[in-house]
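In: Attaching a predicted model along with its sequence, questions to come.
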Amino acid sequence: MEFTPYTRISIQVSLSGYSFKVEKDGESHSSGWLGSERIFTTPEFQRRYDKVDIALMTPKFTLVPAPFFDPSNAREALSEVVSLREEDRVESVPLPEYGAVLVYSNSLDESLSKVISQTVLMTDGTSAPVLPEMYYILRDLPQCPDYNKILASYRDGYLHLAVSQGKSLQLCNAYESVDFTTAEYFIFLVMKKLQLNPEVSGIVFRTPLTQEMEMSLYRYFKAVEVI
């Protein structure tokens with residue numbers, strides 16, 4: 001069988017900039033966090049890819065069980081858990097593996113995600129949709145190696161966190177965290193609430209971690225990984 005190279009780029013966008021990871025032929029490399037001023041000089045953004053994932057770090061989301069989801073009431077469902085402005089656009093994306101629909105708003109007064117979506121194209125020339133970071137966290141959660149699966153992202157004052165036990169989703173939420181120490185507080189608060197022991201659990205992050213962040217987490221968790 002002839003081997004066909006598969007290239008994929010996964011991009012995370014926040015108000016302060018972006019990071020990306022490129023996968024090709026079983027190998028990958030990551031950028032770390034970059035400022036928005038570098039978008040037009042990033043060589044990886046001048047290529048086309050078989051698969052493009054663009055995640056926006058929006059805290060405006062909620063998970064609705066599929067049987068109770070009504071598209072006409074999506075805005076009302078989201079406004080019950082986050083503060084929405086009149087001009088905020090509300091969208092939804094199904095997550096059949098969880099029997100749920102993720103309702104969200106990408107209205108964050110930023111244009112970087114739109115520029116990236118129009119710049120980084122797929123092989124056929126089409127652009128990829130901009131989806132919330134929580135969508136990709138929930139998509140990637142089953143990849144966590146332990147039975148207690150903990151997957152997080154942290155950037156620009158928000159911790160995004162999802163936890164499952166086996167295939168049973170226990171929590172997905174975003175917490176306003178002015179610094180990483182506050183983000184760790186919320187992580188341990190969730191661990192305590194769900195009666196999970198960090199000493200026998202690993203934690204996985206989708207966003208880049210500084211060495212200081214990683215070493216701080218290693219004081220409590222048996223393993224720390226960035227995907």
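Out: Noted; the coordinates are in hand. Residues are numbered from 1 along each chain as shown.
In: In this protein, what helix or strand scores lowest on average pLDDT?
Out: Least confident element among the helices and strands of the chain, by mean pLDDT, DSSP states H and E: strand 27-30 (a mean of 89).
In: Next secondary structure after the helix or strand encompassing Phe188?
Out: Assigning secondary structure by DSSP states H and E places Phe188 in helix 180-193. Tracing the chain past helix 180-193, the next element assigned as helix or strand by DSSP H and E is strand 202-205.
In: Residues in contact with that next one: which ones?
Out: Strand 202-205 has contacts (Cβ atoms under 8 Å, 6 or more residues apart in numbering) with 143-146, 149-154, 187, 217, 221-227. Placement of C-beta: from N, CA and C, glycine included.
In: Alpha carbons of the helix holding Phe188, as CSV, please.
Out: Below are the C-alpha coordinates for helix 180-193, written out as CSV (Å, rounded to 0.1, in the frame of the first residue of the first chain):
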residue,chain,number,x,y,z
PHE,A,180,-1.8,30.3,36.9
THR,A,181,-1.8,29.9,40.7
THR,A,182,-5.5,30.8,40.7
ALA,A,183,-6.0,28.3,37.8
GLU,A,184,-4.3,25.6,40.0
TYR,A,185,-6.7,26.5,42.8
PHE,A,186,-9.7,25.8,40.6
ILE,A,187,-8.1,22.5,39.4
PHE,A,188,-7.7,21.3,42.9
LEU,A,189,-11.1,22.5,43.9
VAL,A,190,-12.6,20.3,41.1
MET,A,191,-10.4,17.4,42.1
LYS,A,192,-11.7,17.7,45.7
LYS,A,193,-15.3,18.0,44.6
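In: could you give me the average pLDDT of it?
Out: Averaged across helix 180-193, pLDDT comes to 96.
In: So the spatially closest residue to Gly32 that is not a sequence neighbour, which state does it fall into?
Out: Nearest-residue entry for Gly32: Pro208, 5.1 Å, with adjacent residues in sequence omitted and distances by Cβ to Cβ, 6 or more residues apart in numbering. Following DSSP: H, G, I helix; E, B strand; the rest coil, the label given to Pro208 is coil.
In: what does Asp140 give?
Out: Classified using three-state DSSP, Asp140 is helix.
In: ranges for the helices of the protein?
Out: All helices of the chain, identified by DSSP state H, fall at 74-79, 112-119, 133-140, 180-193, 211-218.
In: Name the stretch among those that sits most buried.
Out: Greatest average neighbour count among the helices of the chain goes to helix 133-140 (a mean of 20), per mean count of other Cβ atoms under 10 Å.
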